[in-house]
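J.: need the 3D shape of this:
(3 chains)
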Amino acid sequence: MSERKTGKSGGWSRRGILKAGATAGAVSALSIGTPTFFIKDAWAQKAIGNFPVKGKSVVFGFNVPQTGAYADEGADELRAYKLAVKHLNEGGGMLETLKPSSLKGNGLLGKKVEYVVGDTQTNPDAARTSARRMIERDKVIMFGGGSSSAVAIAQQYLAQELGVIFMCGLTHSNDTTGKDKRRYGFRHFFNAYMSGKALAPVLAKEYGKDRRAFHLTADYTWGHTQYESIKQFTEKEGWTTVGNIMTPLKATDFSQFLTAVLNSDADVLVLNHYGKNMINSLTQAVEFGMRDMQKNGKQFEIVVPLYSRLMAQGAGPANIDGVLGTTNWNWTLQDAGSQAFVKSFEAEYGFPPSQAAQTCYVQTLLYANACERAGTFYPPEVIKALEDFEFEGTGPGKTLYRGGDHQCFKDILVVRGKGPDKKKGKYDLLEIVDQVKREDVIYPVNTFPGELGPYEPA
Amino acid sequence: MSGSLINHVFLQILTGLQLGAIYVLIALGLTLIFGTLGVVNFAHGALFMLGAYFAVIIAGKFGFLTAIIAVPFLLFIIGIIMERGLIRFFYNRPHTDQILVTFGLAIVVQETLKWIFGANNIPFPLPRWGGGILKLHEWLPFLEGFVAYPKWRMILIFVSLVTVAALFALLQFTRFGLIVRAGMRDSEMLRFLGINITRRFAIVFGLGAMIAGIAGAFGGPVTQVDPEVGMAFLVPSFLVVVIGGMGSLPGAVLAGFMLGMAISFSAQYSAIQQIIIYLVAVIVLLVRPRGLLGQKGVMEE
Amino acid sequence: MPVIVFAVIALTMPFWFPLVGGYAGLDTKILIWAIFAIGFDILLGFTGYLSFGHAAFFGVSAYVTGLMLLHYSANIIPAMIASVIVTTIIAVMVGFLTLRRSGIYFSILTLAFGEMFYAAALSIFSDWTGGDNGLTGLPTPELFSMPFKENNVFYLVAVLAIIGYYIARRIGNSPFGMMLRAVKSNQTRLEFTGLDVKKYKLSAFVISAIYASVAGSLMVIYEPYVATEFVHWSTSGKLVIMSVLGGVGTLFGPMIGAAFMLYFENVISAFLQEQWLLVLGLVFMFIVIFLPGGFVEGAQRLKRAIAGKAGDGNASKGASE
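T.: Numbers count the residues shown, from 1 in each chain, chains lettered A, B, ... in the order given. This is a model prediction of the structure:
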């Protein structure tokens, strides 16, 4: 029973705060302005989540999809997490390139970093159950991972409820740091809005301005926001959106939807699919002859706005040949941070990391760095150390962790799939068409609604 | 607009047939086993899935042609083993126990496959002769312009129709079929007549499993091969059986293709698309409680 | 008497459960599933009707609770009442349509209806349910502005589980309960007596749906989030498994089954890794084949085998029935 007590110090004594939490907007706005007043004097050392950390080690929870549509990503995320823990305890990797950094490579705040692993099953409910188990059974101080925005958002809310920081893995929905942003959730990955902004000009340049697009969209938060963003920015370039079908996340056979595309007058197919969904829909679109088809007197084109090297590998070079999209990061980048990560990852596993791996690795280091900078695991202090933190050495250029919505801003990549004759080696599947500058993809914090909520969980 | 209305409808029908083909193959076995043995086999999806896994493995090692001969045979054996080793002990127990034990078996098969092959789907490459598209406008004069369809999916439709024809022929023109059909009507009567139906029970079960194997081998490249696919297809297949009328083979064929068509033609209305098969089921059951071609007296009060 | 035994076991759970490897939060979940399972036993255990669609009632109720908390009031009372009312109405309709058939047909029909609710939550109602995202952003539930978290939720759930068990036992021992058991043993004979069997079956069906509704509602109060999984048939499957493992028709058995299943899923799974579900499936098959009465029957057999030593451990739980 002692766990229940130390865990969350009962609701009774903090009823004043709980009430304040109900009027989250006002309080959170206030506490951004005067954080130290609250923390240093009145609430320091309060038990929040699994703080204080007892014993000689501190536990991270890595909740990744080991099954379901995004399982390939999950497997790579886990590799990156293991590497991050190794580097935190023993040094190496991006610890040498991250600036500014307080990480010493001897554990975290004098404690050895350990981890537990869970399976999100690419399913918000399973993810929450697993995360809750990590928090309540394994006493994790931070958890992270995931490859689905629905899963990330569900876990962000849980993080806020239980007062344990969640460092998102791969999540690309605008909602994650938009309408569903949470004080206890942080995202390093880019989002659909940035993808649209970066990709649309390239599409107009490559395929012309009078294109007619049909979308197939995964039916959950990520798909919805990506469809909206791609539609918005391609229409700005003069394209017409002739149709969209929301496809179930669990769909594996897309033939009935592809038939509908064939029966429309579209000359571009936009696949707002990721992971297995994308591998299947793209493969089947090619199977239906869409790559060899003429429509409206133009070559029919397929676009995959969110691309990853793992998906490209799954779909095969013949299918991705020439297909355009965007990506957060690619292992061929030459900056010092990327190279330090790629080298240590390859040394460990024998092949280069994916963008999912990179984002999870960086997130773990950033969390640890924030703890070191704050000098405590106390979540409100760690959150403040992360907010508006600007750093470099984790990828090309400088990155900003914006305090207003917990979204990272950095350069992103427009890429094109390499066909069988163009690629050099098994993992060389994406050609970087354009590196879009951070200034060109950043947007005002009030572009999306939503409130972060209080520093102290209700 | 490019292409004519005829083209559109034609493509939708093809897609409907192709989607229905797998439902038909799975539902045929289900309803055959139910009709003769009175057993609802919750593990039937697992048999289909086993078929797909066997097909991937055998096709990878010995080529696809070997797989399409070996897999139905293997599944036939597995079906007989399953009936003799497990199901027959349940003929005299409450009906719900049959459901429970086959449900348990379905979980065990699913989790075993997950253990051995992992939770992810394993790629099922098409044989070289089955890839590519068929340019249908070159064959069918009523189609305008360019109308193509993936060759493999056409093969799937063809295989499904041939299987249906073969099964009906077997039941219609052989002595075995006569007894099975009689058994579907009234199994007690057969026992009175001194006909050994237990041995035939096993064969019927094997036959159902065999058809599931055919579905797995030909449907696998379309449905994907992962440990969840069995359960994913079991529920719609049950619907097919119920809509068609429990124990009615023509009903299963009719309902299977009907559901395929419903899914195909509703594809553009995504909200309806996911619920359409249930809507069809509810409407059919309200209008015809026994299902489309169901016989009187099956599971009624 | 068994009610008091159960009350003591349930209410002291926070003290002994961590000693056997459990952790805070899991005990609450176990008791929520226990409520779900008790209700299911009134249908399956008493009448013998195996429903594969009870996830629909659990899930619909969870959604109603979630929507009430979100749009009406964070107070749990109106949310729970609304959930039970909506679920009851749906249960009457579904029961009316599915109970026209018996045995296996009934199982398949309930499965189909259940999946229809799942598909509807994902598609036509997704604006309300949040579809695959789940229903997020719910406020912390409260009771007359007293926040409901952790301990409070546990004791609320425990008290409702005890009441639920008490009512179920009363039903079981009443003439109505006898009628239901008669449905299981010989329905035809019952019909000859001129009784309206349909009415009894429908009542049992609706009562079990109300239990499911209370459980679904509590699940959202315990964790303010609703997932489509709640309506998915796998939730019904889980319910069936735990009921059969524990021993259908005993009321106590399904609760033990619920505890076993969740303990297995969350604690034992740490040792069995990904194979825990395989082991569970094998255990389930073993029970169905060799021990149709579940753990309770096992305990009784054990008790008979070592007649002198009966009186402690599982045997006493079995004996209490």
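J.: phi and psi next, for B:Gly63.
T.: phi 90, psi 160 (degrees, to the nearest 10).
J.: if I look at it, how far off is B:Ile33?
T.: 31 Å (Cβ to Cβ, to the nearest Å). For every residue, glycine as well, the C-beta is placed using N, CA and C.
J.: now do the contacts for the closest residue to B:Gln274 other than its chain neighbours.
T.: Residue nearest to B:Gln274 in three dimensions, not counting chain neighbours: C:Ser123, with 3.9 Å by Cβ to Cβ, 6 or more residues apart in numbering or on different chains. Contacts for C:Ser123 (Cβ atoms under 8 Å, 6 or more residues apart in numbering or on different chains) come out as A:219, B:270-275, C:131.
J.: which one of the residues you listed sits closest to B:Ala165?
T.: Proximity of those to B:Ala165 (Cβ to Cβ) peaks at B:Gln273, which lies at 30.5 Å.
J.: quick one: the strands in chain B?
T.: For chain B, the strands defined by DSSP state E occupy B:133-135, B:148-150.
J.: just checking, B:Ala255 touches B:Ala27?
T.: Yes: assessed by Cβ atoms under 8 Å, B:Ala255 is found in contact with B:Ala27 at 7.1 Å.
J.: need the overlap of contacts for those two.
T.: Common contacts of B:Ala255 and B:Ala27 (Cβ under 8 Å, 6+ apart): B:240-241, B:244.
J.: out of the strands of chain B, which is the most enclosed?
T.: Of all those, strand B:148-150 carries the top mean neighbour count, a mean of 23, counting by mean count of other Cβ atoms under 10 Å in any protein chain shown.
J.: okay, now the sheet partners of that strand, with direction.
T.: strand B:133-135 (antiparallel) (DSSP bridges).
J.: list the contacts of the partner strand.
T.: Residues from elsewhere that reach strand B:133-135 (Cβ under 8 Å, 6+ apart): A:287-289, B:146-151, B:154.
J.: please convert the buried members of those residues into PyMOL selection syntax.
T.: In PyMOL, a selection of the buried entries from the contacts of strand B:133-135 looks like this (16 or more other Cβ atoms under 10 Å in any protein chain shown):
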select buried, (chain A and resi 287+288+289) or (chain B and resi 146+147+148+149+150+151+154)
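J.: which one of the strands of chain B lies nearest to C:Leu291?
T.: strand B:148-150 (50.1 Å).
J.: hang on, the earlier thing: make a markdown table from the contacts of C:Ser123 and add pLDDT, neighbour count and distance to B:Leu207 to it.
T.: Output for these, formatted as a markdown table (pLDDT from 0 to 100; neighbours: other Cβ atoms under 10 Å in any protein chain shown; distance: Cβ to Cβ, whole Å):
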| residue | pLDDT | neighbour count | distance to B:Leu207 |
| --- | --- | --- | --- |
| A:Asp219 | 90 | 24 | 39 |
| B:Ser270 | 74 | 21 | 38 |
| B:Ala271 | 76 | 17 | 39 |
| B:Ile272 | 83 | 14 | 36 |
| B:Gln273 | 82 | 24 | 33 |
| B:Gln274 | 81 | 26 | 33 |
| B:Ile275 | 87 | 22 | 33 |
| C:Gly131 | 84 | 23 | 41 |
